[in-house]
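Colleague: structure for this input, please:
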Amino acid sequence: KVVAARGPSVVALVTGEGSGVVLRGFTITGGVGGASLGGGVTCAGSSPQLIDCVIESNSAERGGGLLCSSVTEIVLLGCVFRNNVATGASPDFPDGGGGVCLRDSLALLDECTFEDNVASKYGGGLLVTYDSHVQIMRTSFVGNAAGGGGAVLADGASQAVFKRCLVVSNLASEHGGGVS
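Modeller: Numbering: from 1, shown residues only. You can find the predicted model right below:
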């Protein structure tokens, strides 16, 4: 099941979808988002579950693979985020999240893979910002790159809790090759 780009975001969950909405086993690719739309998936005010999905080769200013904003809670289980790019470089805004950008969101990630994602600014694999909270379990971050937080960057009042994760071979040009 491959879902390729037909608009700015390949998949948009923006009308209050609850936890009963499940995307399972899809490959989501080729999306080109913008400042408020993720390349592969955009979630706003929704609480979906993504299970065993591959989100690859998407781009946006923030959240190349997935952008979550004002999400009650998103659950990502067994998902792969690969070769996604966040191009944003605003001097006044925490841009980035090559794989995933969480803004004012709650998230649970379990057994996911973040591989070869790039952000021109922050969080090559994952950017956790605007008072977001994420629990990350049994997840690997390999070969991601950014200006800050090659694998993961959590800023301000945001929080990222890691349990049994692998963080290896990530790069940052400014600070925090792995986690910042």
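Colleague: who's the residue positioned nearest the centre of the chain bridged to?
Modeller: For the chain, residue 100 is the residue whose C-alpha lies nearest the centre (CA atoms, centre = their mean; 0.7 Å). Per DSSP bridges, residues listed as beta-bridge partners of residue 100: residue 66, residue 126.
Colleague: quick check: it vs residue 153, distance?
Modeller: From residue 100 across to residue 153, the span is 11 Å (CB to CB, to the nearest Å). For the C-beta atoms, the positions are set from N, CA and C on the backbone; glycine is no exception.
Colleague: shared neighbours, the two?
Modeller: Jointly contacting residue 100 and residue 153 under the rule CB atoms under 8 Å, 6 or more residues apart in numbering are 126-127.
Colleague: which secondary element of this structure has the worst mean pLDDT?
Modeller: Lowest by mean pLDDT, DSSP states H and E among the helices and strands of the chain is strand 2-4, with a mean of 72.
Colleague: elements contacting that one?
Modeller: When contacts are defined as 3 or more CB pairs under 8 Å, 6 or more residues apart in numbering; DSSP states H and E, strand 2-4 packs onto strand 27-29.
Colleague: partner strands of the strand it packs on, parallel or antiparallel?
Modeller: Partners of strand 27-29 in the sheet, by DSSP bridges, are strand 2-4 (parallel), strand 54-56 (parallel).
Colleague: show me how far the helix or strand following the last one is from its chain's centre.
Modeller: Downstream of strand 54-56, the first helix or strand assigned by DSSP states H and E is strand 59-60. Put simply, strand 59-60 sits 11 Å off its chain's centre (CA atoms, centre = their mean, to the nearest Å).
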